[in-house]
Structure formats: C-alpha cells, structure tokens
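**Student:** sequence first, predicted model second:
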Amino acid sequence: MGLCDFPICQLIALLIPPYVVQFWEEKAKSYGPIASGALFGAGWWFWVDAVVCTSHKIPFDQYIPGIVATVALVMINCIRRDDLQDYDPFDDGGFCRSRFWLFLSYVVSFGSVVGAVWVLMQHYAMNSDVAGEVWPGVAGVFQVSCILASGLLFFISRTPADGSGGGYEVF
C-alpha cells in the first residue's frame, strides 16, 4: 500500500490545485532555498527585535530555544534525502542510521518549541514583574517556528543527490 493510497492523501490532493503542484515540482529547487533563508532570517529578526525593544535585560536561558532550533535545522539538513529513500538489505545499517538521525533531529526541534513555549509561559505570561511586556516570549515562539519551518522547507526542496554534494553540486 503506497502513501497516496490512504484516503487522507487523496483528500489533500483534491484540496491542492494542480497548478500549485506543478509550480512546486518545477520551481522547488530554485525558490525553496530562497524562501527557507527568508524564514530563517525572519525568525532571528523577531528575536533581535524583541531583545532590542524590551525594557529589561533578557537572561541567557531565554536565548537557548532559538540556539537549539538552529542546531536542529543543521541536524535535519545533514541527511541526504536519497539515504532515506533507498533501502538496501545488504547495507550495514546506513538506512537505519539516517532515519534515527532524522528522528533525533525532530526530537531536538520539538524540544526547542517546548522550550520557547515554556519561556513564554514561565517568564512572561505568569510573571507579574513584567506585566504587559510579553513580546520577548511571543517573539521566541515565532523565532523557533520560523527556524523549524525554514529547516523543513529546505529539506523538502532539495533534490535527491546523485553525488556527494547533497543535491547542490558546484558544476
């Protein structure tokens, strides 16, 4: 049973117009990394704006979710897509290692989302000392969300590699 044999996939295929699918298939390699970089920059821009515009000093523990999300972005994109698609029964576990690394990078990325929400709740939503100033907490959640969306967009917009360049060879 293939992935598109499930009823939910067929329903989603009905909701997405065919011209969007055609555009994605034709232009994903060229526009995907650009949009991914814009999302990454927007995520860090939210955080820098919050740090600059707040009236109190932001402690270092509130920077950690964004740093962890950036590490998760690098972890997700260390894997070549063809390592996940090609299964060789005589391989020495490369298929399982690739999937485990991708799973671990997703765990790290969702941990950064949890950390950003925890910072929002603990330091801003339930703290009466900084009443009315929740922008740094909200910006942290925006930052982590944009960085992780950037990593996923960059991962799916890459082509399966023919060589060792990960889909982006120089020549």
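**Tutor:** Nice, I can see it.
**Student:** my guess is residue 54 contacts residue 137, does it?
**Tutor:** No. Using CB atoms under 8 Å, residue 54 is not in contact with residue 137, being 10.1 Å away. Quick note: C-beta positions are derived from backbone N, CA and C, even for glycine.
**Student:** these two: which has the busier surroundings?
**Tutor:** Set residue 54 next to residue 137 and count neighbours by other CB atoms under 10 Å: residue 137 wins out with 24 against 14.
**Student:** with just CA atoms, put whichever helix or strand that one is part of into CSV.
**Tutor:** Secondary structure assignment for residue 137, by DSSP states H and E: helix 135-157. Coordinates of the C-alpha atoms in helix 135-157 are reproduced here as CSV (Å, rounded to 0.1, in the frame of the first residue of the first chain):
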residue,chain,number,x,y,z
TRP,A,135,6.7,40.4,23.3
PRO,A,136,10.0,38.7,24.0
GLY,A,137,8.2,35.5,24.9
VAL,A,138,6.0,35.6,21.8
ALA,A,139,9.0,36.5,19.6
GLY,A,140,10.8,33.4,21.0
VAL,A,141,7.9,31.2,19.8
PHE,A,142,7.8,33.0,16.4
GLN,A,143,11.6,32.6,16.2
VAL,A,144,11.6,28.9,16.8
SER,A,145,8.6,28.3,14.5
CYS,A,146,10.2,30.2,11.6
ILE,A,147,13.5,28.4,12.0
LEU,A,148,12.0,25.0,12.1
ALA,A,149,9.7,25.8,9.1
SER,A,150,12.9,27.0,7.3
GLY,A,151,14.7,23.8,8.0
LEU,A,152,11.8,21.6,6.8
LEU,A,153,11.3,23.7,3.7
PHE,A,154,15.0,23.5,2.8
PHE,A,155,14.9,19.7,3.4
ILE,A,156,12.0,19.1,1.2
SER,A,157,13.1,21.5,-1.6
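**Student:** much appreciated, bye for now.
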